[in-house]
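Chemist: Have a look; sequence and predicted model below, questions after that.
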2 protein chains.
Amino acid sequence: MHSLMEDDQLSSLIQQIKNRLNHLSEAEKRVGAYITKYPELVPNMTSKDLSIKADVSEASVVRFCKSIGAANFKTFKLELAKELTLSHEDLTDFSSLQKKDSPYDLFCKVTQLNKRAIESTQLSLERKNFEKAVEHLLSADRIIFFGVGGSSIAAIDGSYKFSRLGYHSVMTPDFHQLAATIPFLTSSSVFVAVSMSGKTKDILQLAKLMKNKNACIIAITNAQNSPLFKLSDIQLCTPVVEQDFRIGSIASIMTQLNIIDALYLSVFHLSGNQLVDQYREAREAVIKFRR
Amino acid sequence: MHSLMEDDQLSSLIQQIKNRLNHLSEAEKRVGAYITKYPELVPNMTSKDLSIKADVSEASVVRFCKSIGAANFKTFKLELAKELTLSHEDLTDFSSLQKKDSPYDLFCKVTQLNKRAIESTQLSLERKNFEKAVEHLLSADRIIFFGVGGSSIAAIDGSYKFSRLGYHSVMTPDFHQLAATIPFLTSSSVFVAVSMSGKTKDILQLAKLMKNKNACIIAITNAQNSPLFKLSDIQLCTPVVEQDFRIGSIASIMTQLNIIDALYLSVFHLSGNQLVDQYREAREAVIKFRR
DNA sequence: TCATTTATGAAACTTAATTTCATTATTTTT
DNA sequence: AAAAATAATGAAATTAAGTTTCATAAATGA
């Protein structure tokens, strides 16, 4: 019976703390417990911060460091920071926001969360679909972005970016205004539907109307098997990210934007250099116009 | 003669220092020179140590850190330590997009870039300022978000999020419409100005007008010493991120949004549970309304 | 039970980081 | 070219962070 060594994955410092946890005194144990729970928050903390979080004195924090073999608190933090960049094992338990979390703690947690969400876009996005999407966008005669609520942000960003590339690209939050443009669509029009759940009625309805015009429907969504997922021609899936049950999903906007960014960059890149000059012009105009 | 590519190996922070070296003042330049020469020694040094080695004052060391976009000496050391452990495998050299890059390659690069940008928000954001900002927002009688171009995205997201918390929170891209609301501002109104460069004229002008009303001006910007930076009461700095010279900064939107997310979450968290119920109600209304 | 050891936090102390401020150099304006 | 404004700088003061000391309390063992 060889190994149940799942923990081998963890970096050695954290592992070492875990191993020693039982040999430590009560106070030091609490310090170790906190550190192993939120390792990535620690390098930004002071000894006082940590003492409060672990509910011990500052002296105990220092003693903890010495117990596990560090010269002092500072070298310990440094070592921990280094190790965390190596191990992508990441333990931020976002779902349990502590009552005593300070704003800065929350900032650190959100940053972790967003970072991780973006990282895992690589997991959820299918290469082939992405390349198909780029292809369609490249030759699009117009691009319509749409999203409601939180997803409207990504839609706005998309329409903004593609406009700058010279595309006829729009996003309005107004369903009816958008519906009015449908008669003018062709089979080379592209509808980019952004929706986390893939169930938003407005989006589904628009998508159906566009489908009648043979427009290409690209869905940026995280829900497999949602109506939108099934209805769309190309699915660009965002990862399912942790949510706080009270405030919903913060990070999913990031994953949507990340995909939009990649689409934008790819289209820009492929559409070649003839665009660059036009782009520069537009950019200069903007700079001048910073009146 | 092999390759001139030695710099490709370098991590972005050190590379960034090298790039900026010529734009720095004499004393800061010496600090940067020392750091790029002996980067692995620096994380264990104190500001005094480094000041002696670089033959400058301690103040200049601190100033150097701010110049390159770090919140303070400590976050700088931390970031440097992290980057040094990332062995030279990290080749996201964004500045040289290869002609042969496939869309999916570009997707991966963008993802890396965005991830890294968010991560380094921890470098640039000052804890104290962040906590001050949260405090002001908590007791704000109204919140005005403003940004133009790419930065409008974050402003929209901010107004959207804070509206959901029940705040009187607005963002319009229309300068004049916004200006018209100024007479109604009080000293507990908050103006959140989002601008990468900190030079956008519209924003500066609005900020000045709001200042007359004693409103609190929070700047989300990456440029230290920009007019906006100086004009504002609280500065929340985004990190200076790699840019592609042709398409500008993609990732900075992410860093802006990350800060907005953190502000939102903090205010939500602090404003306590009485809000939760109202929030749930609003949420349910939205779900029902997905007609 | 009483001595001894161990664990702990409060407070004192030491060290480090940051800011302020006066001085000097540099640039711009007149 | 002189005067004014601006920017750069380090010394010193201030503030923050880390460490040690010491008194106290709990646990252990004769």
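Modeler: Yes, it's here. Numbering: from 1, shown residues only, chains lettered A, B, ... in the order given.
Chemist: so what's residue A:120 closest to, chain neighbours aside?
Modeler: Distance criterion C-beta to C-beta, 6 or more residues apart in numbering or on different chains; nearest residue to residue A:120, sequence neighbours excluded, is residue A:239 at 4.1 Å. Just so you know, the C-beta spots here come from the backbone N, C-alpha and C atoms, and that holds for glycine as well.
Chemist: do residue A:51 as well
Modeler: Nearest residue to residue A:51 in three dimensions, chain neighbours excluded: residue A:58, at 4.5 Å (C-beta to C-beta, 6+ apart).
Chemist: Name the single longest helix found in chain A.
Modeler: Longest helix of chain A, by residue count under DSSP state H: helix A:252-270.
Chemist: elements contacting that helix?
Modeler: helix A:103-119, helix A:121-124, helix A:127-138, helix A:151-164, strand A:216-221, helix B:103-119, helix B:252-270 (3 or more C-beta pairs under 8 Å, 6 or more residues apart in numbering or on different chains; DSSP states H and E).
Chemist: Enumerate every residue touching residue A:142.
Modeler: A:167, A:168, A:169, A:170, A:184, A:185, A:189, A:190 (C-beta atoms under 8 Å, 6 or more residues apart in numbering or on different chains).
Chemist: Against residue A:170, how distant is it?
Modeler: 7 Å (C-beta to C-beta, to the nearest Å).
Chemist: Could you do residue A:224 as well?
Modeler: Applying C-beta to C-beta, the value for residue A:224 to residue A:170 is 28 Å.
Chemist: Please apply the same query to residue A:255.
Modeler: Relative to residue A:170, residue A:255 is positioned 23 Å away (C-beta to C-beta).
Chemist: Inside helices: which ones of the contacts of residue A:142?
Modeler: Among the contacts of residue A:142, DSSP H puts none in helices.
Chemist: Just the ones in strands from the residues you listed, please.
Modeler: A:169, A:170, A:189, A:190 (DSSP state E).
Chemist: Tabulate the residues you listed (TSV), appending pLDDT, distance to residue A:33 and neighbour count.
Modeler: Putting those into TSV (pLDDT from 0 to 100; distance: C-beta to C-beta, whole Å; neighbours: other C-beta atoms under 10 Å in any protein chain shown) gives the following:
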residue	pLDDT	distance to residue A:33	neighbour count
A:169	95	52	21
A:170	93	53	17
A:189	94	57	22
A:190	96	52	26
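Chemist: CSV please, covering these and showing distance to DNA strand C.
Modeler: Below are the ones in strands among the contacts of residue A:142 laid out as CSV (distance: C-beta to the nearest atom of the strand, whole Å):
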residue, distance to DNA strand C
A:169, 42
A:170, 45
A:189, 53
A:190, 49
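Chemist: Identify, from those, the entry nearest to DNA strand D.
Modeler: Using C-beta to the nearest atom of the strand, residue A:169 comes nearest to DNA strand D of those, at 40.2 Å.
Chemist: Excluding chain neighbours, give the residue nearest to the residue of chain A found nearest DNA strand D in space.
Modeler: The nearest approach of chain A to DNA strand D comes at residue A:72, 2.5 Å away (C-beta to the nearest atom of the strand). Once flanking residues are discounted, residue A:72 sits nearest to residue A:65: 6.1 Å by C-beta to C-beta, 6+ apart.
Chemist: Show me what from the stretch 51-200 of chain A comes close to chain B.
Modeler: Contacts of the stretch 51-200 of chain A with chain B, taken as C-beta under 8 Å from any C-beta of the partner chain, map to A:75, A:77-78, A:81-86, A:97, A:101-104, A:106-111, A:114-115, A:118-119, A:121-122, A:125, A:127, A:130-131, A:134, A:149-150, A:152-153, A:156-157, A:160, A:199-200.
Chemist: what's the domain layout of chain A?
Modeler: For chain A, the structural domains run A:5-90+A:99-110, A:121-288, going by automatic domain parsing.
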